[in-house]
Structure formats: C-alpha cells, structure tokens
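Asks: need a 3D model of the sequence below.
(one chain, ligands or ions: 2)
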Amino acid sequence: MKKAFIKSYGCQMNVYDAERMADVLSGESYTETDRIEEADLVILNTCHIREKAAEKVYSELGRVRVLKGERQAQGLDTKVVVAGCVAQAEGREILRRQPAVDVVVGPQSYHRLPELLRAPRGAVDTEFPVEDKFGHLAAPSAAKIQTRGISAFLTVQEGCDKFCTFCVVPYTRGAEMSRPVAQILAEAERLAGAGVREFTVIGQNVNAYHGEGPDGSPWTLARLLERLAEVPGIVRLRYTTSHPRDMNDDLVAAHRDLPALMPYLHLPVQSGSDAILDAMNRRHDADAYRRLIDRMRAARPDIALSSDFIVGFPGETDADFEDTMRLVRDVGFASAFSFKYSPRPGTPAAEIEAQVPEAVKSERLARLQELLEAQRQAFNRGTVGRVVEVLLEKPGRHPGQIAGKSPYLQAVQIETDAHRIGDVVPVLIERAGSNSLFGALESGPLTAAA
Ligand code: SAM
Ligand code: SF4
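Replies: Ligands and ions are numbered 1, 2, ... in the order given. Presented below is the predicted three-dimensional model:
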C-alpha cells in the first residue's frame, strides 16, 4: 500500500471533497497518513476565496518541494497534486510557478484523479465535465466512515449563480447544481448505517437546493431535510451556507416543525449598509435581513444566529461601516466570521477604483470583531445554568471527559464515562470557558429552551 497525505484549506466543501478524494484513492491502493514525510502522494486541497488563502498554498508548496527532494535523495518518489479552487483558478500557471507539482485538478474532476496520477507529469484537469462527478465517486467503507466520526458532511448542492461582486465561487466552482434526492439518500443511508448520527448538509448556496425528487419534481431544501430526518439513526440535522434571498417560507417553517433540525443558522449578511449590499449585488437590503431574522425567531425563539461579514469593501465609508455595527447590535450573533475585503482577480469589485486603505480595513475589522466576540461570549454565558441536549462526539481533552455539541453548535466538555459516543444526553451547563462550555450529566427532565 502507498500512502497519501491530504491537506484541506478553506470551507466545509473542501473537507467533504478531501474525504471523497481519499475514497477514490483507496481503490488505487493508497491509505491515508497524517505524516507528510512518509507520503508517496501529497494533495493540497486549496482555497481561493481571499488572497492570503491562495498565497498560503504557494508557501506550503515550497516546503513540499524540499521534502520531495529529500525523499528523492533516498530513492523515493513523491507525487504532488494541487486540487481545489486555486487549481481551478490558476490551472497550468501552478506548474510554471512550482516545478514540484505533478497534477492540477479542479473541484469538478476528482473522480478523474486515478487517471491523472497515471499520466506523465503536468496533467491538468480544470474542466466542468458533463458527467456527474458524484455518480462516479467511490463509496467509503463502513470502517472508513467510522474513523471520521459520528457527525458527517453531506454535499447536496454545489456552485453558485449569485455572482456577488467580491466572490470567486461562481468562477471556481461553476454554475449552481443540485444532486438528485435519490443519490443523496443512498449516501445518507450508507453513512447512517455505519453509525453517523448527525448530518451537516452542505452547499455553497445550500438553501437554493432544488434537486430532482423521486417523483421527478424539484424538491426544496426543507423537503429534503424532512426526508433526511427519517433516515434511521439520524438524530440531528444542520445545513450551511445559506443566502438570505433563498430563505423560503418552508425552510423557516422547518425550524419550527422539524425536531431534528438544530436551532442554529449561519446566514451571511456581509454588510449592514444598503449602498454596500447593493454594490455587492447581494439582492437584499439590511432591513430585509432584519425582518428575516424576526421571522426565524418567531418560528424558533431560541435559534442561535451566525453570519459572515466583509469590512472595507470598495467605497465603504465610515457611515456604511457604522450601519454594519448597528445591524450587529440589532440582531445579536452567537458566532460569526469576519474578513477584510480581499480583491480577487476577475471579480467586478476588484476593478472598482475606490479601494479602502489597508489601515482603515484593519481598524474596522478590529472594532467589529470586538463586538462580535462580546456577543459570542454573552451567548455562551447565557447557556450557563440551563440544561441542554448534548450529542456526544469524541473523547474529551482529559481522561474521563467526553466532548460533544450543544444544539447551538457550542463545544461542551462533560465529566462522564457512563455514556457512549453518539448518545444525546441532557447536560447542566455549569461554566463557560473561552471556547468550550463545561457541564454535568443531568438525569431530570430537560428544561424548555429559552
Ligand atoms: N455562499 C456564502 C454566502 O452567500 O455568503 C458564502 C461563501 S464564501 C465561501 C464564505 C465567505 O467568505 C463569504 O460569506 C464572505 O464573507 C467571504 N468572502 C468571499 N469573498 C471574499 C473576498 N473577496 N474578500 C473577503 N472575504 C470574502
Ligand atoms: Fe459567493 Fe455566496 Fe455570493 Fe455565491 S452567494 S457569489 S458563494 S458569496
């Protein structure tokens, strides 16, 4: 058996894709290793969303080149593959910049990895092939699923047609496409059969899901979630990432009616300024977002909200930024990701002349992150003293501890050895640390969610 080392950067889609590449490679006599020095095959599954993410790849490739040279001196061969969105965006340019690279493969062509590895150095596949990648990908064994844990990502949708003016995704992942329901269910049943208890249903724009149902009609994400909740063994469902424009009534209602659907929603808003939202081509204004949050809270009063923010989009004034701060104060987030705008080649926003100076971006980001961090900590402190259901996921940091997740996606550490990974147990939250909650098993009834 040969050894493959796969490193993923960026979003959950890449985590899922890395697992699919490992599945394809196990049919080619590769086992996975987490030690790059012993790898016969190194795959960097890259992210192109911001400049820093893309540059990281080239510095990592510099290190891989040294390693490849050292192994060569010992008579060992090492193949180097660049996959993911940098591969898609830069293609052959990667081979020119880094001679250690053997293969460049875009996100829609992973099923072709075995033939690309057999080809002479310099194979590049950045096509958007007509055949369905998912239909050609190998299924993982039950043993492999078990090593990946009880919570699994399940890709149901890929690509994006929204063309936000700052974003590379429509160019690197291609047009929006939804997998058919039957294909998703087959994968879901295989995962649940091997012990998976929770699905995070993923897609670049997951709530735009409109895959073909068994009856030939398009299903919404809400309908798909209802069906996934019926898969034996599945106790929890989550989904990410959603666009505010695609938050339909049936999905809002699912948060009220579907007990397996966790009270947590990642709903990127990017900015609180109408002028900036318009320049971003987000297709909604700040008040539409506020009204949507009101509807979500009416459906599921305890829902925890998360979002993405970009500061320093071209033309963003102090007043625009203050609108973002006001929206954050109005809504109140349990967690969030925030970034400085990074111009991406080929996107419309990169061409705008009024770019915001780096120092201004840094100062705004620091202020926004301070507010978001205060809200996150307040949310975590708000769960202290409450009993919440925790899905036990893995052994904890210390012997006798188990780590799990609350319904609100908070990490929880519990002192117990009486329960099994995969159980959902009531836990009294006693303390909130900076990144985890700490609690004790509760045998009494669950308190109603606040
Ligand atoms: N589809 C999701 C949506 O509609 O918001 C987000 C997908 S993107 C992978 C994740 C996040 O990266 C975005 O929500 C945005 O905040 C951030 N992002 C995307 N392009 C960016 C850029 N050029 N500069 C800074 N942040 C960016
Ligand atoms: Fe990018 Fe999301 Fe906008 Fe699509 S909806 S272009 S993935 S930010």
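Asks: now what about stretch 109-125, what contacts it?
Replies: Residues from elsewhere that reach stretch 109-125 (Cβ atoms under 8 Å, 6 or more residues apart in numbering): 17, 20-21, 24-25, 27-28, 41, 79, 81, 83, 91-92, 95, 102-106, 126-127, 129, 133, 136-137. Yep, even glycine has a C-beta here, placed from its N, CA and C like the rest.
Asks: tell me how many other residues surround Ala354.
Replies: Here the count is done by other Cβ atoms under 10 Å, and Ala354 has 10 residues near it.
Asks: does it really touch Pro314, like I thought?
Replies: Yes. Using Cβ atoms under 8 Å, Ala354 makes contact with Pro314 at a distance of 5.1 Å.
Asks: where does the residue nearest to Arg97 when sequence neighbours are not counted land on pLDDT?
Replies: Nearest residue to Arg97, sequence neighbours excluded (Cβ to Cβ, 6 or more residues apart in numbering): Tyr58, at 6.6 Å. On pLDDT, Tyr58 comes in at 94.
Asks: what do you get for Thr416?
Replies: On pLDDT, Thr416 comes in at 81.
Asks: what parts of the stretch 351-450 of the chain come near ligand 1?
Replies: Counting by Cβ under 6 Å from any ligand atom, the stretch 351-450 of the chain comes close to ligand 1 at no residue.
Asks: run through the helices of the stretch 51-200 of the chain in chain order.
Replies: Ranges of helices within the stretch 51-200 of the chain are 51-73, 84-90, 92-97, 113-118, 133-136, 142-147, 169-172, 181-193, based on DSSP state H, counting those that start in this stretch.
Asks: let's have the ones you listed in TSV, adding distance to Gly332 and mean neighbour count.
Replies: Shown next, in TSV, are the helices of the stretch 51-200 of the chain (distance: least, Cβ to Cβ, whole Å; neighbours: other Cβ atoms under 10 Å):
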stretch	distance to Gly332	mean neighbour count
helix 51-73	29	15
helix 84-90	32	26
helix 92-97	43	14
helix 113-118	44	15
helix 133-136	38	15
helix 142-147	37	13
helix 169-172	28	21
helix 181-193	33	18
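Asks: comparing these by mean pLDDT, which bottoms out?
Replies: Among those, helix 133-136 has the lowest mean pLDDT, at a mean of 83.
Asks: residues in contact with the residue nearest the centre of the chain?
Replies: For the chain, the residue nearest the mean C-alpha position is Gln12 (2.6 Å; Cα atoms, centre = their mean). Gln12 makes contacts with 153, 200, 202, 240, as judged by Cβ under 8 Å, 6+ apart.
Asks: so how far is ligand 2 from it?
Replies: Per Cβ to the nearest ligand atom, to the nearest Å, Gln12 is found 13 Å from ligand 2.
Asks: also Gln377?
Replies: Using Cβ to the nearest ligand atom, Gln377 is found at 27 Å from ligand 2.
Asks: so which bits of the stretch 1-150 of the chain are right by ligand 1?
Replies: So far as Cβ under 6 Å from any ligand atom goes, the stretch 1-150 of the chain lies against ligand 1 at 11, 49-50.
Asks: switch to 8 Å and redo it
Replies: When proximity is defined as Cβ under 8 Å from any ligand atom, the stretch 1-150 of the chain approaches ligand 1 at 10-11, 13, 49-50.
Asks: ok, which pair from these is furthest apart?
Replies: Met13 and Arg50 (15.6 Å; Cβ to Cβ).
Asks: these two: who's more crowded?
Replies: More neighbours surround Met13 than the other of Met13 and Arg50, with 26 against 19 (other Cβ under 10 Å).
Asks: get me the contact residues on the stretch 201-350 of the chain for ligand 1.
Replies: Proximity of the stretch 201-350 of the chain to ligand 1 is confined to 204-205, 241-243, 268, 270, 308-310, 337-344, 347, 349 under the rule Cβ under 8 Å from any ligand atom.
Asks: drop anything exposed from those residues.
Replies: 204-205, 241-243, 268, 270, 309-310, 338-342, 344, 347, 349 (16 or more other Cβ atoms under 10 Å).
Asks: shaky segments in the chain?
Replies: For the chain, applying pLDDT under 70 flags the ranges 130, 444-450.
Asks: got the residues of it near ligand 2?
Replies: 160-164, 166-170, 173, 204-205, 241, 243, 268, 270, 281-282, 308.
Asks: coming back round to it: among the contacts of Gln12, which one lies nearest to ligand 2?
Replies: Nearest to ligand 2 among the contacts of Gln12 is Thr240, at 11.3 Å by Cβ to the nearest ligand atom.
Asks: in the sheet, who's paired with the closest one?
Replies: Ile202 (DSSP bridges).
Asks: hmm, it is touching Gln204, no?
Replies: No. Proximity of Thr240 to Gln204 does not meet the contact threshold set by Cβ under 8 Å, at 10.0 Å.
Asks: brilliant, that's me finished.
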